[in-house]
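Chemist: Next input, structure requested:
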Amino acid sequence: MVEMDTTDRVLAFITRHMGEHGYAPSYREIMNGVPVSSTSVVEYHLNKLAARGLIEKGPPGTARTFRLNKEWGGVG
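Modeler: Sure thing, here's the model as predicted:
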């Protein structure tokens, strides 16, 4: 079995949450669901996902404003 790295676990959590609830999880929900140690760690991994083109982030200071990039099959 291949172990997922933290960034991949964050993406999997976001995908699952959006599929179940229809909206993006909060940073704290991601922090608790993955789990990671802080919301700044969540921000780090979201930035990595955005750099890879897997998510699109909204303007700074807005809540739950990232979405999965549909080009790779995301649901958001």
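
Chemist: what residues are up against residue 38?
Modeler: residue 31 (Cβ atoms under 8 Å, 6 or more residues apart in numbering). From N, CA and C alone the C-beta is placed, and that goes for glycine too.

Chemist: hmm, 10 Å instead?
Modeler: Counting by Cβ atoms under 10 Å, 6 or more residues apart in numbering, residue 38 makes contact with 27, 28, 31, 44.

Chemist: Just the buried residues of the residues you listed.
Modeler: Members of these that pass the buried threshold by neighbour count (16 or more other Cβ atoms under 10 Å) are listed as 27, 31.

Chemist: Just give me the closest of the contacts of residue 38 to residue 51.
Modeler: residue 44 (10.8 Å; Cβ to Cβ).

Chemist: So what touches the strand or helix carrying the closest one?
Modeler: For residue 44, the element it lies in under DSSP states H and E is helix 39-51. Applying Cβ under 10 Å, 6+ apart, the external contacts of helix 39-51 come out as 5-11, 13-14, 25-36, 38, 54-57, 66, 68-69.

Chemist: What residues of that helix count as buried?
Modeler: For helix 39-51, using 16+ other Cβ under 10 Å, the buried residues are 41, 42, 45, 46, 48, 49.

Chemist: how about these in TSV, adding pLDDT and distance to residue 61?
Modeler: Rendered in TSV, the data for those read as follows (pLDDT from 0 to 100; distance: Cβ to Cβ, whole Å):
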residue	pLDDT	distance to residue 61
41	97	19
42	97	15
45	97	19
46	96	14
48	96	20
49	96	19
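
Chemist: quick revisit: tell me which two in the contacts of residue 38 are the farthest apart.
Modeler: For those, the farthest-apart pair by Cβ to Cβ is 28 and 44; their separation is 15.0 Å.
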